[in-house]
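Chemist: Generate a structure from the sequence data that follows.
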Amino acid sequence: MEIWLPILFASFCYLTPSLLLFRKPKPDKKLINFNAVLVGMGLLAHFTILRTYISFHPIDLSFANALITTSFFSILIFWVLNFNKNFNYLQPFLLIPSVFLLIIHPLFSTNHFLATDLSVLFITHIAIALFAYSLFTFSAYLAIFILIFENKLHQKKKIDMILSGSQPLMEMENFLFNINKIGFILLTITLLSGILFSEQVFGTPLQFNHKTVFSILAWLVYGLLLIGKRLYGWRGKKSIYLLLTAFLLLALSYLGSKFVLEIILHR
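Modeler: Residues are numbered from 1 along each chain as shown. Below is the predicted model of the structure:
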């Protein structure tokens, strides 16, 4: 029962800025600062939930825990970046799904402890992987927003008030690809370090399974996207769809496999 207190508090702190944004789509500086404080308090409560469930001694990285960890880092990225960028329009897209994940988490929580004698380097590998997934999650939310924004423009309808308070489309797309550059570097480090640590964790060299295949495919698609942007100036809907395809492959590689094993097969 105690865990519901931080869950409800974090949910309140995450939902309130989104509701205030709907009431005042073009917030003033005072409201922006108030929302930033609320999200920051929500992050503290969110971190308390992570510490309770993940435990760290040993580390419990179940499917449900991986979801709320990724959502935590995604919101943290948003919160930090929003000090210098006008990302207020992303709040409903990012915070509301995170509230949903927090509320359903106790219903799907299972134990999936990692070995107790993990090296510092392997723990670093896990942290880099989670941060890479979080960056790509953030970029996926931004990509979906850009699609909605672009559709509103192409339909030549009156743009919603929330959309009208956002950054120019070109600026959002450039920032999106910069985020994916960082994520791609972290994903590359994750894949390379995963090869090194495979024997430590599984007792065998790199396992060529569906998780590995989807991870490599995601890495290839992200790489293709960045090369296309760099050399040929790719942008627009086709680039966004390619980015979302890469994110789906990445989600299937890790979260998809954990969902099937833990939730469906109960392993």
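Chemist: Quick check on I3: phi, psi?
Modeler: Here is the backbone geometry of I3 (degrees, to the nearest 10): phi -70, psi -20.
Chemist: Give the full set of residues in contact with it.
Modeler: I49, T52, Y53, P106 (C-beta atoms under 8 Å, 6 or more residues apart in numbering). In this view, the C-beta of every residue, glycine as well, is placed from N, C-alpha and C.
Chemist: quick one: which of those is nearest to I77?
Modeler: Ranked by distance to I77 (C-beta to C-beta), the contacts of I3 are led by I49 at 18.0 Å.
Chemist: filter the contacts of I3 to the buried ones?
Modeler: The neighbour count (16 or more other C-beta atoms under 10 Å) marks I49, Y53 as buried among the contacts of I3.
Chemist: Secondary structure added to the contacts of I3, as JSON lines?
Modeler: Formatted as JSON lines, those follow (DSSP: H, G, I helix; E, B strand; the rest coil):
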{"residue": "I49", "secondary structure": "helix"}
{"residue": "T52", "secondary structure": "helix"}
{"residue": "Y53", "secondary structure": "helix"}
{"residue": "P106", "secondary structure": "helix"}
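Chemist: what's the farthest-apart pair in the contacts of I3?
Modeler: T52 and P106 (10.5 Å).
Chemist: Looking at the contacts of I3, which one is closest to L121?
Modeler: Proximity of these to L121 (C-beta to C-beta) peaks at Y53, which lies at 24.1 Å.
Chemist: Find the nearest non-adjacent residue to the closest one, please.
Modeler: In this structure, Y53 finds its nearest non-sequential neighbour in N65, 5.3 Å apart by C-beta to C-beta, 6 or more residues apart in numbering.
Chemist: again, but for N180
Modeler: Nearest one to N180, counting by C-beta to C-beta, 6+ apart, is S139 at 5.4 Å.
Chemist: Please name the residues that touch that neighbour.
Modeler: Contacts of S139 by C-beta under 8 Å, 6+ apart are L176, I179, N180, G183, L243, F247.
Chemist: same thing but 6 Å
Modeler: Each residue near S139 by C-beta atoms under 6 Å, 6 or more residues apart in numbering is listed here: L176, I179, N180.
Chemist: what's the nearest residue to the second one if we skip its chain neighbours?
Modeler: What it means is I179. S139 (4.7 Å).
Chemist: so where does the residue lying closest to G236 once chain neighbours are set aside fall, helix or strand?
Modeler: Nearest non-adjacent residue to G236, counting by C-beta to C-beta, 6+ apart: E150, 7.5 Å away. In this structure, E150 sits in helix 120-154 according to DSSP states H and E.
Chemist: And that helix, what's buried?
Modeler: Applying a neighbour-count criterion of 16+ other C-beta under 10 Å, one finds 122, 125-126, 128-146, 149-150 buried in helix 120-154.
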